[in-house]
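Asker: structure for the following, please:
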Amino acid sequence: MIPMFITTRKARHEDSQAIAHLLYAHYSFSSEQEANETFQREYALHYHFRVAESEGRIVGIVSWRMHGLMKHGIIKLKRAAVSLEAQQWEDVLEVLFDAALADADWYYRTHGTALRKVYTVIPKNHDPMHVFLQEKGMELEAVLRDHYYQGRDEYLYSLFLNQPQNFKALLSSTGA
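Answerer: Numbers count the residues shown, from 1 in each chain. Okay, the predicted model is just below:
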């Protein structure tokens, strides 16, 4: 398999169709139009979207948003999706995860505070994502029973960055 060259950048409004396609493929949207409307709404609300590109195509997205007040230093990783055609989806996901943390870390630093905690909520049955998050140092913090849908539990994972081993991992993953 030939390695993909992956770059990341901030998402732009004109990326909406490609992002909607990814969201529709990975989330429970009823149509690409609903996925596009969701992206447009979250983008307008200043969610931080990053896209991964390979050979001029968007092959993945990740988004995050601040949770609570700036001084709390908490973000929620909101959405993550990688193209079903991406041969090395784990690599794309890792690049996106690291880019989101680096982006959030920079955002908090420029506002005179520090990123302290990252959390995300994922479906219980998404085994590859559970493994990925655990490999990135995230710990299962809670099981949310019937959270979005009856009979479908969600898992809440978190990572505290003010613990020395976790902060070191963040710095090494961002190239700092």
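Asker: distance between the biggest helix by length in the chain and the chain's centre?
Answerer: Looking across the chain with DSSP state H, the single longest helix is helix 89-110. Helix 89-110 has its C-alpha centroid displaced from the chain centroid by 8 Å (C-alpha atoms, centre = their mean, to the nearest Å).
Asker: same thing with stretch 104-113?
Answerer: Taking the mean of its C-alpha atoms, stretch 104-113 sits 18 Å from the chain's own mean (C-alpha atoms, centre = their mean).
Asker: show residues contacting that stretch.
Answerer: Outside of stretch 104-113, the residues within contact range by C-beta atoms under 8 Å, 6 or more residues apart in numbering are 48, 64, 70, 71, 73, 75, 114, 115, 118, 170, 174. No exception for glycine: its C-beta is placed from N, CA and C like everyone else's.
Asker: neighbour-wise, which of those leads?
Answerer: In terms of neighbour count, residue 118 stands highest of the contacts of stretch 104-113 at 28 neighbours, by other C-beta atoms under 10 Å.
Asker: I'd say it and residue 102 touch.
Answerer: No. Judged on C-beta atoms under 8 Å, residue 118 makes no contact with residue 102 at a distance of 11.7 Å.
Asker: follow-up on the earlier one: out of the contacts of stretch 104-113, which two sit at the greatest distance?
Answerer: 71 and 174 (22.0 Å; C-beta to C-beta).
Asker: can I get stretch 56-65 as CSV, trimmed to CA atoms?
Answerer: Output of stretch 56-65 as CSV, limited to C-alpha atoms (Å, rounded to 0.1, in the frame of the first residue of the first chain):
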residue,chain,number,x,y,z
GLY,A,56,-6.5,17.6,-3.3
ARG,A,57,-9.5,15.8,-1.8
ILE,A,58,-11.0,16.1,1.7
VAL,A,59,-10.6,12.7,3.3
GLY,A,60,-11.6,13.5,6.8
ILE,A,61,-12.9,16.0,9.3
VAL,A,62,-12.8,16.7,13.0
SER,A,63,-14.5,19.4,15.0
TRP,A,64,-14.2,20.7,18.5
ARG,A,65,-15.9,23.4,20.6
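Asker: the residue nearest the centre of the chain in helix, strand or coil?
Answerer: Using C-alpha atoms, centre = their mean, the residue of the chain that lies closest to the mean C-alpha position is residue 62, 3.7 Å off. Classification of residue 62 using DSSP: H, G, I helix; E, B strand; the rest coil returns strand.
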